[in-house]
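In: With the input below, show me the fold.
(chains A, B, C and D)
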Amino acid sequence: MLIDNYSYTNRMYNVHPVEKLLFAFLTMILCFVFDIYTNIAVIILMFMITVLKAKIPGKVYIKLMLIPFSFLMISVLTIIINVIGDKSAALISLDIFEVTLGITPKGISTAVTLFFRTLAVVSCLYFLVLTTPVVDIIDILKKLKIPSLFLELLQLTYRLIFVLFDAAGEVYTSQNSRLGYATLENSYRSLGLLISSLFIKSYKDSQDLYVALEARCYNGELKVISKDYRFCYRNLIFIVLIELVLISTSILLRR
Amino acid sequence: MKDQFILEALEVTFEYSDGTKALDGVNMLIEKGKKTAVLGPNGAGKTTLFLHFNGILKPKSGKILYNREEIKYNRTELTKLRKNVGIVFQNPDIQLFSASVYQEISFGPMNLDIPENVVKEKVEKVMKQMKIIDVKDKPTHFLSYGQKKSVSIADIIVMEPEVIILDEPTVYLDPNHVQEIMSVFDKLIEEGKTIILSTHDVDFAYSWADYIYVMKNGKVVAKGEPEVIFTNVKELDWRDLRKPMLLEIYEILKEKGIIDENSIPKNIEELKKYIK
Amino acid sequence: MKDQFILEALEVTFEYSDGTKALDGVNMLIEKGKKTAVLGPNGAGKTTLFLHFNGILKPKSGKILYNREEIKYNRTELTKLRKNVGIVFQNPDIQLFSASVYQEISFGPMNLDIPENVVKEKVEKVMKQMKIIDVKDKPTHFLSYGQKKSVSIADIIVMEPEVIILDEPTVYLDPNHVQEIMSVFDKLIEEGKTIILSTHDVDFAYSWADYIYVMKNGKVVAKGEPEVIFTNVKELDWRDLRKPMLLEIYEILKEKGIIDENSIPKNIEELKKYIK
Amino acid sequence: MKKWMLLTVFTLLLIAPQIAYSMHIMEGFLPLKWCIIWDIASLPFVVVGFMTISKSVKKNPKLKMLLGFAGAFAFVLSALKIPSVTGSCSHPTGVGLGAILFGPFAMSVLGLIVLLFQALLLAHGGITTLGANTFSMAIVGPIVSYYIFKGVKKAGGPNWLAVFLAASIGDLLTYVTTSFQLAIAFPAEVGGFTASFLKFMGIFAVTQVPLAISEGLLTVLVINLLIAY
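Out: I've put the predicted structure just below:
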């Protein structure tokens, strides 16, 4: 998984995860509070930090940005195009059967704002996930007093995702080698077999995992030690500065 | 005799999507009707190469030839190729996916659109061959590891491929079971099939194979007949590869003048014969 | 010298909930500070027996002794026992529950209520010992199979148990890696620890172990020192067990009068020395 | 002008098959107000689900590992591709299968976990829209699936029909909920919520109905195989 790979190998891996989380979330809130110019600034800012500082390849970053694009395009277009009564208010209109579809200036402005805000918030998310491993994110959640059972489930699920992913890959390859996906009908059958065998395997493995943990004195709680991180005051000052600059320019530029 | 090679990898290079170079200019020629062993440490690229041989992976550069023809990556051609080049993967615990042994083995032939009664015959035949007829209706996850391995081999044999590729077939099996499986392979060789396998077991590879390739870091680092590769090849890195015990002992006996210089034994019986 | 046995299984019988008899009157005495290998086909009951040694399973009849005392199945006693008898399971993918190598290894000592800073030291130390310090910050799923295996061993060693039990530790590993792991075990033996392992590899068991048990169908069918068990025991069923190659060759040499009757070699160096 | 319109419709159709990838409401798309409202709406369900799980885990500690595997299983399931009749591919939601296998309470928590990982690892959905997505995919979908399954069984319907209806209608109601969430956040200038809702429903009807049927069929297949075990 691409994002997961980079979260461990990027150049900001060793930055305190709370700093990264704080930066991402504060900026996200600003995206909602202020207008389109702030959003464009955030898109550029996050791109620069992620690509130049964390050294995520620009190509990868753009490729990732395109993932949610289809949802964005469809949703934005759906919002822009409306059934209208008054043709004169519309920039463009089209009669289909008895209905008039059209686009109004107001619709366009809503859509454009929405478009940039979404991309800006997505950029914040990408900054976070590309620089911060899931293990660290779970550690932060631990400090937030979230019930430990929930965190343990997160921890287990994260680890087991990769175990099952590999297993699914092996079954898929084995089926593919035996012509399991040669036709549409075969594909359905093979996929059904793959999923059900994965389920059985999950059940069996969960029993074995429990035994293995029991053998290491497991007593109902998955106690582990987290990595030590130290806050870096330079980073904290940098975060505060950037947020202040964003806030003040946004307020100033607002009429 | 140009048509003796059934599979060929020519300058094959492959990279995984995360950029790791898995194969780096691999050349490997597989002789028809012969037993080829591929040795090498974990991560050397053996499995990746095998996945090229039946078109699951496509080389980034270089080419794969089956029966002297470059393989094509369209659906019809791939189907034909995969029918003829079967791969038995390493871990049957993960790889088996059906509820019953019968269903599992019939998976391949069913995909070949063979009529059901013919499939049934083939499956019965191969179950007898692999000695798993008594577990026919058992769910696969109730089987012992050895039985699972036999099922995973039956999975492939039932498709009657020309080439059978096995990834670490002897791991975790009882000596008894290894021998049983090997006798099945011997019969397949007699029928003119070609067998390729990867293994960590030098002793086994030495006495089993007609030809050996050694891979490391995505490259072929040595090749040759067993007697030749382990005695003559100087550049082999012996940290990754142990010398076959039989050969080590042969060398000791040769040094002490107990055995003849030219009679290199391939198995214990030969050793016994050669000792003066 | 009655206190030499650290673990004892006395007439242990066990049945799984579905009624399969997994152990049938097993007697096994494990000498302190020694290397014991348990051989036997798949399904012989080796893993089931191991799970008895640290109290995961409770015998239906018979008893388990640790340090000459029958083990008790209450939480405090079990924690103490499991701290002292560690099991490394066969498949590291199932043993490792955490995505972080560091967290994974810290799990055992954390359960023993050791202060955090001491746990940290122990984890660092064992990571160096197992040569996995450079993957410290890597997630578990980035590791190779061999590295995962090393982590799963570190999981146990970090708890500083008296006895380390390993279920098929060499499976799927390349010879190089096997040797690395074995040298770690050698050091542990020097420190006075006891090691028990199960394996299919007779050659390996023969030259590694101080004492060998052979199990079949939930019973101990043979036991003894390696040289003794493979030469003298008549009743062994050789369909399940191959003779170690070294021993076979020794017998040929003995027959031909090249080697002395009483000097049975445990490895190739010894063989070389013993040949007249 | 008309050409321009046609072009838009054409692009829409081109992108449409891909929407399956992204039926999660994406990060940042909902106004902050609605993010919070859906967080609050989801919370009681998740809390109840969590308490149910807590209680069972205390009784049976093995369940924790099983739930971990169940979460991972649901995640991997959603990353698989279902081949579709139209030639494109879609991803199963696993909503129906999960509800039938684990029950709707566990699914609210497992669903939340899966959605969180989808946001963090695959960039599907997002953190701000986590509440909204949880509500549609981990609460409404599973509850609907579960009660349809039970209902059809109770009415004496065959197992395959119960599974099929549970999975496909559960799927569809997930999309209906998503449409509702989008429409209420972005009402149309003329016609308000209703018009907007119909628009989103129209889009989803085209793209998601075949997928819901595919998923229904696949779920029947899987459940049948599991019964065979």
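In: Tell me which stretches of the stretch 151-276 of chain B form helices.
Out: Taking DSSP state H, counting those that start in this stretch as the criterion, the stretch 151-276 of chain B carries its helices at B:175-190, B:202-208, B:226-232, B:245-255, B:268-274.
In: ok, and does the first one reach over to chain C?
Out: Yep, that's helix B:175-190 we're talking about. Yes. With Cβ under 8 Å from any Cβ of the partner chain as the measure, helix B:175-190 is seen reaching chain C through B:175, B:176, B:177. In short, each C-beta sits where N, CA and C put it, glycine included.
In: Kindly report the same for the fourth one.
Out: Yes. Helix B:245-255 lies within reach of chain C by Cβ under 8 Å from any Cβ, at B:245, B:246, B:248, B:249, B:252, B:253.
In: looking at these, which has the most residues close by?
Out: Neighbour counts for those peak at residue B:249, which has 25 neighbours (criterion: other Cβ atoms under 10 Å in any protein chain shown).
In: Excluding chain neighbours, give the residue nearest to that one in space.
Out: residue C:249 (5.7 Å; Cβ to Cβ, 6 or more residues apart in numbering or on different chains).
In: about what we covered before: which among the residues of helix B:175-190 next to chain C gets closest to residue A:138?
Out: residue B:177 (43.5 Å; Cβ to Cβ).
In: Contacts only, for the closest residue to the closest one other than its chain neighbours.
Out: The shortest distance from residue B:177 to any non-neighbouring residue, by Cβ to Cβ, 6+ apart, is to residue B:146 (4.6 Å). If you count contacts by Cβ atoms under 8 Å, 6 or more residues apart in numbering or on different chains, residue B:146 has them with B:173, B:174, B:177, C:41, C:42.
In: For ChimeraX, write the select line for the buried members of these.
Out: In ChimeraX syntax, the buried subset of the contacts of residue B:146 is picked out as below (16 or more other Cβ atoms under 10 Å in any protein chain shown):
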select /B:173,174,177 /C:41,42
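In: In strands only, show me the contacts of residue B:146.
Out: Using DSSP state E, no member of those falls within strands.
In: Most widely separated two among the contacts of residue B:146?
Out: B:173 and C:41 (9.1 Å).
In: Run through the helices of chain A in chain order.
Out: A:2-9, A:17-33, A:36-48, A:58-66, A:69-80, A:105-131, A:134-143, A:148-177, A:184-214, A:233-253 (DSSP state H).
In: near chain B, which residues of the stretch 51-200 of chain A?
Out: Residues of the stretch 51-200 of chain A lying near chain B (Cβ under 8 Å from any Cβ): A:167, A:170-171, A:173-180, A:182, A:186, A:193-194, A:196-197, A:200.
In: gap between the closest residue to residue A:91 other than its chain neighbours and chain C?
Out: Distance criterion Cβ to Cβ, 6+ apart; nearest residue to residue A:91, sequence neighbours excluded, is residue A:103 at 5.3 Å. Distance, residue A:103 to chain C, using Cβ to the nearest Cβ, to the nearest Å: 48 Å.
In: Bridged to residue A:103, which residues?
Out: Beta-bridge partners of residue A:103, counted by DSSP bridges, are residue A:92.
In: Counting neighbours, what do you get for it?
Out: 21.
In: Look at it and report its pLDDT.
Out: On pLDDT, residue A:103 comes in at 80.
In: Pretty sure residue A:92 is one of the things it touches, is it not?
Out: Yes. Contact criterion Cβ atoms under 8 Å: residue A:103 and residue A:92 qualify, at 4.9 Å.
In: mind checking which helix or strand of the chain has the lowest mean pLDDT?
Out: No chain specified, so I'll use chain A. strand A:92-96 (a mean of 68; mean pLDDT, DSSP states H and E).
In: actually it's chain B I care about, not the one you picked
Out: helix B:226-232 (a mean of 82).
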